[in-house]
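Student: When you get a sec, could you give me coordinates for this:
(one chain, ligands or ions: 1)
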Amino acid sequence: MEYRFLGKSGLKVSELSFGSWITIGDQSDFEGAYNLMKEAFDAGINFFDNAEVYSAGKAETLVGKVIKKAGWKRRDLVISTKLFWGGDGPNDRGLSRKRIVEGTNAALQRLQLEYVDLLFCHRPDLYTPVEETVRAMNHIINQGKALYWGTSEWSAIQLREALHIARENSLIPPLMEQPEYNLFCRNRVEVEYKQLYEEMGLGTTTWSPLAGGILTNKYSEGIPDGSRFSLEKYSWLREKRLDTPEGRDKVAKSVKLKKIASQMGVTLPRMAIAWCLKNPNVSSVILGASKPEQLRENLKAPEVLPLLTEDIIKQIEEVVDNKPSGEKDWRL
Ligand code: NDP
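Tutor: Just a heads-up that it's a prediction; the model follows:
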């Protein structure tokens, strides 16, 4: 396993990490979670990604129990959580100071930890002044309950606002973003954040490298039993991500991408994850896996990196047909 610096910080995260969305709590109980996390840890993964909303808190609870049972040293782990959706009450959503303080305390209790390494604002909150959130995150860090803070799916403009507020008030700015990044979703990581990598030393922990499983090609002939998009609880996700013209287009493109991977002598998931790793602005690619054999397969992705030659990348670009063009140069 290779380790990358998280943005400009001195913290190293495994280039492949493990996330607990759906897989821990919904698809697996304690034993399943233990097997998955042990497989990940034994392969050198040090970063485990969580959120208070995952399985309504159950994911964090199980992750906390696994860490306890496995007896891993705290210093060998980078644990995150994300705050935004904490419940149904009037103060249970968003990024107010109250929400952040109470959300952090509740997450730490579930995780049975004194601190998380990374604390993310899971989405932007349009109703809380950014300054309130920046100050609340600083309060949490100063209390020793988190070591670094960041955002997920914030625009570059929102990130810059947080950065400027922090700089003007000598506060700790956000260090990392957690955006979606895969062969079908590229613009934020490749274009929108481009200047922020230099300007603020932004690190990225990217999600859904396999577009929720579509980039395994498992959906080309229907929805396999037990797969994410077959779950009743997540029918909203299937309707949004699979049962749409865009979803069907992704499935069709995955068939073509699988052919390229086969020519290279590798599997499509390995190729798709390696493609994410190729981007030096990605600090860690967060893997999702509902079964240890999926994780074992996906952990082989770094071996594919040297095979992603210019010619292969060109073939991939032709299939996905979504290379961000960046800002138009009106002088040309
Ligand atoms: P992926 O896009 O990689 O999808 C993972 C799912 O694909 C698995 O759970 C499994 O689902 C299927 N799969 C994975 N590997 C294989 C394989 N080799 N063969 C067959 N099927 C496979 O990642 P996720 O969408 O799960 O996202 C990863 C993590 O990112 C999350 O756990 C979470 O921590 C984070 N995340 C963050 C978000 C945010 O807003 N900040 C949003 C979403 C995710 P199945 O077996 O059920 O078919």
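Student: can you give me the helices for this protein?
Tutor: Using DSSP state H, the helices of the chain run over 30-42, 58-70, 97-111, 130-142, 156-168, 187, 194-199, 235-241, 245-264, 268-277, 292-298, 310-320.
Student: What is the shortest one packed up against?
Tutor: Packed against helix 187, as judged by 3 or more CB pairs under 8 Å, 6 or more residues apart in numbering; DSSP states H and E, are no other helices or strands. (Each C-beta comes from the backbone N, C-alpha and C, glycine too.)
Student: quick one: average pLDDT of that helix?
Tutor: Helix 187 comes out with an average pLDDT of 96.
Student: again, but for the first one
Tutor: The predicted model gives helix 30-42 an average pLDDT of 98.
Student: Now tell me what touches it from outside.
Tutor: Helix 30-42 is contacted by residues 18, 20, 23-25, 28, 48, 62-63, 65-67, 69-70, 72, 287, 289, 291-292, 295-296 when judged by CB atoms under 8 Å, 6 or more residues apart in numbering.
Student: contacts with the ligand among the residues you listed, please.
Tutor: By CB under 6 Å from any ligand atom, the members of these lying near the ligand are 20, 23, 287, 289.
Student: Grab the nearest non-local neighbour of the first one.
Tutor: Take Ser20 and drop its neighbours on the chain: the residue closest to it by CB to CB, 6 or more residues apart in numbering is Ala59, 4.2 Å away.
Student: what does Tyr234 give?
Tutor: Nearest non-adjacent residue to Tyr234, counting by CB to CB, 6+ apart: Arg228, 6.3 Å away.
Student: cool, Phe18 as well?
Tutor: Ala40 (4.2 Å).
Student: give me the number of residues near the one you found?
Tutor: Residues contacting Ala40 under the criterion other CB atoms under 10 Å number 25.
Student: Could I get the pLDDT score of Lys69?
Tutor: Reported pLDDT for Lys69: 98.
Student: Near the ligand, which residues of the stretch 51-200 of the chain are found?
Tutor: 152-153, 178.
Student: Which one (most neighbours) among those residues?
Tutor: Neighbour-wise, these (other CB under 10 Å) top out at Gln178, 26 neighbours.
Student: which residues touch it?
Tutor: Gln178 is in contact with 49, 82, 120, 150-153, 204-207, 286, counting by CB under 8 Å, 6+ apart.
Student: again, only this time at 7 Å
Tutor: By CB atoms under 7 Å, 6 or more residues apart in numbering, the contact set of Gln178 is 120, 150, 152, 205, 207.
Student: could you measure Lys314 against Lys278, distance?
Tutor: To Lys278, Lys314 is 14 Å away according to CB to CB, to the nearest Å.
Student: So for the two, which residue has more residues nearby?
Tutor: Lys278 (12 against 9).
Student: which residues sit in contact with the residue of the stretch 51-200 of the chain found nearest the ligand?
Tutor: Of all residues in the stretch 51-200 of the chain, Ser152 sits closest to the ligand, at 3.8 Å by CB to the nearest ligand atom. Ser152 makes contact with 82, 120-123, 177-178, according to CB under 7 Å, 6+ apart.
Student: quick one: it and Leu171, what's the gap?
Tutor: 20 Å.
Student: before we move on, what about Asp311?
Tutor: Counting by CB to CB - Asp311 and Leu171 are separated by 48 Å.
Student: More neighbours: the two, which one.
Tutor: Leu171 (17 against 8).
Student: for the ligand, what are the nearby residues on the stretch 201-332 of the chain?
Tutor: 207-213, 216, 218, 227-228, 269, 286-290, 294, 297-298.
Student: These, buried ones only, as a ChimeraX selection?
Tutor: In ChimeraX, a selection of the buried entries from those looks like this (16 or more other CB atoms under 10 Å):
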select :207,208,209,210,211,212,213,216,218,227,228,269,286,287,288,289,290,294,297,298
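Student: Can you tell me which residue of the stretch 1-150 of the chain sits closest to the ligand?
Tutor: Counting by CB to the nearest ligand atom, the stretch 1-150 of the chain gets nearest to the ligand through Gly19 (2.1 Å).
Student: pretty sure that residue contacts Ala289?
Tutor: No. When contacts are counted by CB atoms under 7 Å, Gly19 is not listed as touching Ala289 (8.9 Å).
Student: returning to what we had before: ok, the contacts of Ser152 vs Glu192, which is closest?
Tutor: Nearest to Glu192 among those: Glu177, at 9.9 Å, using CB to CB.
Student: I'd like to check which residues are in contact with that closest one.
Tutor: So Glu177 contacts 150-152, 154, 159, 193, 202, 204 (CB under 7 Å, 6+ apart).
Student: Lovely, talk soon.
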